[in-house]
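> Model the structure of this input:
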Amino acid sequence: MTFGTGVSLRQFSTHLRNDAARHQIILDRVERDSVIEGLPRFNEKSRAEWLSAIKKVSKH
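Numbering: from 1, shown residues only. Here you go, the predicted structure:
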């Protein structure tokens, strides 16, 4: 996804080119933001479900 004529963030950042690393970064940020909003931390099941959803969306 690009918001202009430049390169996408994924292409620009070497950290975001690796799918597994990018998915973990996203998952960690979502969990951190959720905790800030007062929600509980992810458990093993919810972490696996969110990771699966992230992988599904990233294929598009």
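> Assess the claim that Trp50 and Phe42 are in contact.
Yes - between Trp50 and Phe42 there is a contact under C-beta atoms under 8 Å: 6.7 Å. (Glycine included, C-beta is placed from N, CA and C.)
> Need the residues touching each of the two.
With contacts taken as C-beta atoms under 8 Å, 6 or more residues apart in numbering, the residues that reach both Trp50 and Phe42 are Leu27.
> so where's the protein shaky on pLDDT?
Within the chain, the stretches with pLDDT under 70 are 1-3, 60.
> what about the helices in it?
Remark: helices assigned in the chain by DSSP state H are 9-12, 19-36, 44-58.
> Save those as a markdown table, and put in mean neighbour count too.
Listed next are the helices of the chain as a markdown table, based on neighbours: other C-beta atoms under 10 Å:
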| stretch | mean neighbour count |
| --- | --- |
| helix 9-12 | 12 |
| helix 19-36 | 13 |
| helix 44-58 | 12 |
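> Now do the contacts for Glu49.
For Glu49, the contact set (C-beta under 8 Å, 6+ apart) is empty.
> ok, so what distance separates it from Ser13?
26 Å (C-beta to C-beta, to the nearest Å).
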